[in-house]
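Novice: Have a look at this fold, sequence not included:
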């Protein structure tokens, strides 16, 4: 019923991005200024000849590791240009300042795991009998910060997979504020964050039903100018700005390969990572296709469920999920509406599977139904999903993960009614996939875990994480799996 392929994707510490490095604003020991300010003073004091020499060393050591490296240094210089005073600086000094305020980060220096896989949006030029795929992966680097990476390739009718060569660089996205915000959803999220109060409502009351960031800032400025003392309004204004900053658009250079693109944490709730993206190819009733991914934003203290939306894997709209049913980790969107509603798997209480529905919007979830409780020895600690449900004529196929003795993670499967997915009509009595041999060893041992599979003819292509360290791929016979699920329903 299931076979492992020979593919193993491992982390590579040589794959790095160059990100801004801003020393802390704290006072340096025994000095009168901040560390960043003192560093700038030292750079500005360097003789021009030394600037040119040091910059030459930087370029020789690093420019082959980053695409358009000098442009990148100019951008990072612009982040701290306000510290340089009014004097004109040479291009060499600007670039060197940018280099001092830049650091490399190995996005997958610690681990690469928890994949999801979808058909690629562009199948142009694909050989007959093959289809292109996109695989997302959770990459973990220094400080256990998680980001989202991609791999691409083709799969043939026999489910033989070929991965494309990796691009030579990693690139991050240009980030811009969301085009606009929905006032109803913004208000609902403030309530969820325990920030709904008279001051917040006064700010929102001055705004249209859909408002831009500039309009929000103008209303916040009115509150800060005409409202109560700053000490009273500070927390409200801070939370509203943080919430607005959690919705943004990340756009990559059009000439970059998909395997070069890294969605690196940018929102205030993501400072410690973007975890376990579950991508799905969503088809509207009209036939229009959009790719969505749910993921968990983590700031080091709390988690927040977020949603990614893209049509082309070049530009990604990122924002919050809202509503009482959009809580906690492990959400996975169904690939189409069911009965006119958006439907999503959820693990609201971190132990049981739930089903969330929305009649209006893919970002707001109000209705929640308990779907399945752990019942078998290998899942008694908790159960969750391993990505979006797969539609089959017999029902919605849900790959699950279960946690048993010794905190061992295994994969199972459920079958849900096609028209009423609140009904579980089949469950595997034994695990579908368990960690075996070297799969048991890793950053978090004894774990197999997936964030999404897809159908290839009669096969289910199931990529999975190996103990939070690497990625393997299994091929599952769907007819055999469905037959086993149906037998369990009759038992």
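Specialist: Great, that's in hand. Keep in mind it's a predicted model, so treat the numbers as computed, not measured.
Novice: can we go C-alpha only for contacts and neighbour counts from here?
Specialist: Fine.
Novice: residues touching residue 353, list them.
Specialist: 345, 346, 347, 370, 371, 372, 373, 383, 384, 385 (C-alpha atoms under 8 Å, 6 or more residues apart in numbering).
Novice: check contacts around the fifth one.
Specialist: By C-alpha under 8 Å, 6+ apart, the residues touching residue 371 are 352, 353, 354, 355, 422, 423, 424.
Novice: Give the bridge partners for the second one, please.
Specialist: This points to residue 353. Here residue 353 sits in beta bridges with residue 372, as judged by DSSP bridges.
Novice: one step back: turn the buried ones among the contacts of residue 371 into a named PyMOL selection, would you?
Specialist: Per 16 or more other C-alpha atoms under 10 Å, the buried members of the contacts of residue 371 correspond to this PyMOL selection:
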select buried, resi 352+353+354+355+422+424
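Novice: could you dump the contacts of residue 371 to a markdown table with pLDDT and distance to residue 475?
Specialist: Shown next, in a markdown table, are these (pLDDT from 0 to 100; distance: C-alpha to C-alpha, whole Å):
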| residue | pLDDT | distance to residue 475 |
| --- | --- | --- |
| 352 | 92 | 27 |
| 353 | 95 | 25 |
| 354 | 95 | 27 |
| 355 | 96 | 27 |
| 422 | 96 | 27 |
| 423 | 96 | 27 |
| 424 | 96 | 24 |
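Novice: Now render the contacts of residue 371 as JSON lines, adding distance to residue 302.
Specialist: Shown next, in JSON lines, are the contacts of residue 371 (distance: C-alpha to C-alpha, whole Å):
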{"residue": "352", "distance to residue 302": "20"}
{"residue": "353", "distance to residue 302": "21"}
{"residue": "354", "distance to residue 302": "21"}
{"residue": "355", "distance to residue 302": "23"}
{"residue": "422", "distance to residue 302": "29"}
{"residue": "423", "distance to residue 302": "32"}
{"residue": "424", "distance to residue 302": "32"}
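Novice: and which of the contacts of residue 371 is nearest residue 319?
Specialist: residue 355 (21.0 Å; C-alpha to C-alpha).
Novice: these two touch, right, the closest one and residue 369?
Specialist: Yes. Contact criterion C-alpha atoms under 8 Å: residue 355 and residue 369 qualify, at 5.2 Å.
Novice: what is in contact with these two at once?
Specialist: Common contacts of residue 355 and residue 369 (C-alpha under 8 Å, 6+ apart): residue 422.
Novice: Output the below-cut-off pLDDT ranges for this protein.
Specialist: Under the criterion pLDDT under 70, the flagged ranges of the chain are 24-33, 489-491.
Novice: ok, now with 80
Specialist: 24-34, 86-87, 328, 350, 488-491 (pLDDT under 80).
Novice: And the helices in it?
Specialist: 35-44, 48-62, 69-80, 91-100, 183-192, 198-205, 213-226, 230-245, 478-490 (DSSP state H).
Novice: Quick one: closest of those to residue 324.
Specialist: Using C-alpha to C-alpha, the nearest of the helices of the chain to residue 324 is helix 183-192, at 7.7 Å.
Novice: Contacts made by the closest one with the rest, please.
Specialist: Contacts for helix 183-192 (C-alpha under 8 Å, 6+ apart): 196, 201, 204, 207-211, 240, 322-324, 364.
Novice: Could I get those residues in CSV, plus columns for neighbour count and distance to residue 57?
Specialist: Listed next are these as CSV, based on neighbours: other C-alpha atoms under 10 Å; distance: C-alpha to C-alpha, whole Å:
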residue, neighbour count, distance to residue 57
196, 16, 53
201, 13, 55
204, 21, 52
207, 15, 52
208, 13, 53
209, 13, 54
210, 13, 50
211, 15, 48
240, 23, 44
322, 25, 49
323, 18, 53
324, 16, 55
364, 22, 52
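Novice: Of those residues, just say which sits nearest to residue 309.
Specialist: Out of those, the member with the shortest distance to residue 309 (by C-alpha to C-alpha) is residue 364, at 14.3 Å.
Novice: Excluding chain neighbours, what is closest to that closest one?
Specialist: residue 322 (4.7 Å; C-alpha to C-alpha, 6 or more residues apart in numbering).
Novice: how much space between the one you found and residue 328?
Specialist: 11 Å (C-alpha to C-alpha, to the nearest Å).
Novice: same thing with residue 172?
Specialist: Counting by C-alpha to C-alpha, the gap from residue 172 to residue 328 is 27 Å.
Novice: Residue 213 touches residue 244, doesn't it?
Specialist: Yes. At 7.3 Å, residue 213 counts as touching residue 244 under the criterion of C-alpha under 8 Å.
Novice: more neighbours, these two?
Specialist: The neighbour comparison of residue 213 against residue 244 (other C-alpha atoms under 10 Å) goes to residue 244, with 23 against 16.
Novice: Now do the contacts for the more buried one.
Specialist: Applying C-alpha under 8 Å, 6+ apart, the residues near residue 244 are 181, 213.
Novice: Domains in the chain, by residue range?
Specialist: Split into domains by automatic domain parsing, the chain comes to 2-11+107-175+247-490, 22-100, 179-245.
Novice: Among those, show me which one is buried the most.
Specialist: The highest mean neighbour count among those, using mean count of other C-alpha atoms under 10 Å, belongs to domain 2-11+107-175+247-490: a mean of 20.
Novice: now residue 244: how far from residue 470?
Specialist: Computed with C-alpha to C-alpha, the distance linking residue 244 and residue 470 is 35 Å.
Novice: What of residue 222?
Specialist: For residue 222 relative to residue 470 (C-alpha to C-alpha), the value is 51 Å.
Novice: same deal with residue 330?
Specialist: In this view, residue 330 and residue 470 are 20 Å apart by C-alpha to C-alpha.
Novice: Likewise for residue 180?
Specialist: 38 Å.
Novice: still on that earlier bit, any chance of the contacts of helix 183-192 in TSV, plus distance to residue 464?
Specialist: TSV is the format used below for these (distance: C-alpha to C-alpha, whole Å):
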residue	distance to residue 464
196	41
201	45
204	44
207	46
208	45
209	42
210	40
211	41
240	38
322	29
323	30
324	30
364	29
